[in-house]
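>>> Generate coordinates for the sequence data below:
(4 chains, ligands or ions: 4)
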2 protein chains.
Amino acid sequence: MSRRQTKSQTAILQLLKKEQVALSHDGITAKLEQEIDRVTIYRILNRFVEDGLAHRIVADDGRQYFAICPEECSHDHKAHDHLHFRCVSCDRVECVPGEVEYSLPAGYKVDNHNIILSGNCNDCSGK
Amino acid sequence: MSRRQTKSQTAILQLLKKEQVALSHDGITAKLEQEIDRVTIYRILNRFVEDGLAHRIVADDGRQYFAICPEECSHDHKAHDHLHFRCVSCDRVECVPGEVEYSLPAGYKVDNHNIILSGNCNDCSGK
DNA sequence: TCACTTATTGCAACAATGTTGCGTTAAAGT
DNA sequence: ACTTTAACGCAACATTGTTGCAATAAGTGA
Ligand SMILES: [Zn+2]
Ligand SMILES: [Zn+2]
Ligand SMILES: [Zn+2]
Ligand SMILES: [Zn+2]
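Ligands and ions are numbered 1, 2, ... in the order given. Got it, this is the predicted structure:
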């Protein structure tokens, strides 16, 4: 059950670490030099999430994006409660560090946060 | 270009108004008495969103849910910034009224809020 | 270094969700 | 009742992600 290190895996991990933004399967495929099978990419990403290396965001475009857990998350894998911004112009999804405050009725137990704001990022809002 | 009132349309609108929760295409199909074509349902829902009657939430299960705009939204169709809670046990998505506070870097223009917390609702967390 | 175990891969097939095209139906206006 | 065309139903398609299974290769130990 222990993980094995493979080229595909390290390539994707390096890519995610290098990128500042969250990447979709599509974006990963585009940025990889080597060819990796669709299914393999999905399986690697799911493994990363399972292992707490990355977190998954389901954006309002209906797609999954993956990002390396930022510093603030490192100590606590459940700390994925930061928000995410998807720019509809440049199609990038980025993690936005910082607290999100809200109130919830009593008795509700939150397991996962999936906060997506979409619009135009700083680069694109200037047109 | 003006809207026409049809049975399918009013049935779905009544259903959404009656329900307290946000409904997916699937949930709507299940709760409707009459048979309405899959595509028609999707088109009706998209029309509702377009017309500002309802708002669309893309949940972290990757599906679209639709809810009638609550009172707080009525005066301003852009006020869909309330959060949503999806219970992974009973598979319901509900609007949670109230403010969500966050901060965003300068220059970012938000068009749409898609805030989903998932976990167990009050009914289900007591097991 | 070589053999062994099994995690990982690649391919095909499938599943789920949502959209588009198009001919038909029926709501609204005259 | 007639006309216009929004809305519908059906089929086909598109996209995104998962599952099954045989082949490959990473880790382990002799
Ligand atoms: Zn942008
Ligand atoms: Zn993030
Ligand atoms: Zn519940
Ligand atoms: Zn809502």
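
>>> is the longest helix along chain A anywhere near DNA strand D?
What stands out as the longest helix in chain A, according to DSSP state H, is helix A:38-51. Yes - counting by C-beta under 7 Å from any atom of the strand, DNA strand D has neighbours in helix A:38-51: A:38-39, A:42-43, A:46. The C-beta positions use only the backbone N, C-alpha and C, and glycine is treated the same way.

>>> Excluding sequence neighbours, find me the nearest residue to the residue of chain A most remote from its centre.
The centre of chain A is farthest from one residue, residue A:106, which by C-alpha atoms, centre = their mean lies 29.3 Å away. Distance criterion C-beta to C-beta, 6 or more residues apart in numbering or on different chains; nearest residue to residue A:106, sequence neighbours excluded, is residue B:122 at 6.9 Å.

>>> how deep is the one you found tucked in, by neighbour count?
If you count neighbours by other C-beta atoms under 10 Å in any protein chain shown, residue B:122 ends up with 14.

>>> Repeat that for residue A:60.
Residues lying near residue A:60 (other C-beta under 10 Å) number 24.

>>> rewinding a little: quick one, phi/psi of the residue nearest to residue A:106?
The phi and psi values for residue B:122, taken as degrees, to the nearest 10, are phi -60, psi -40.

>>> Now for it: which residues touch it?
When contacts are counted by C-beta atoms under 8 Å, 6 or more residues apart in numbering or on different chains, residue B:122 touches A:105-108.

>>> Show me the strands in chain A, by range?
A:21-24, A:54-58, A:64-68, A:83-87, A:93-96, A:109-120 (DSSP state E).

>>> and the ones you listed as CSV, adding distance to residue B:80, mean pLDDT and mean neighbour count?
What follows is these, written out as CSV (distance: least, C-beta to C-beta, whole Å; pLDDT from 0 to 100; neighbours: other C-beta atoms under 10 Å in any protein chain shown):
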stretch, distance to residue B:80, mean pLDDT, mean neighbour count
strand A:21-24, 22, 96, 22
strand A:54-58, 17, 96, 22
strand A:64-68, 21, 96, 23
strand A:83-87, 15, 96, 23
strand A:93-96, 19, 94, 20
strand A:109-120, 11, 95, 19
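
>>> I'd like these as JSON lines, with distance to residue B:89 appended.
JSON lines is the format used below for those (distance: least, C-beta to C-beta, whole Å):
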{"stretch": "strand A:21-24", "distance to residue B:89": "28"}
{"stretch": "strand A:54-58", "distance to residue B:89": "19"}
{"stretch": "strand A:64-68", "distance to residue B:89": "22"}
{"stretch": "strand A:83-87", "distance to residue B:89": "25"}
{"stretch": "strand A:93-96", "distance to residue B:89": "28"}
{"stretch": "strand A:109-120", "distance to residue B:89": "10"}
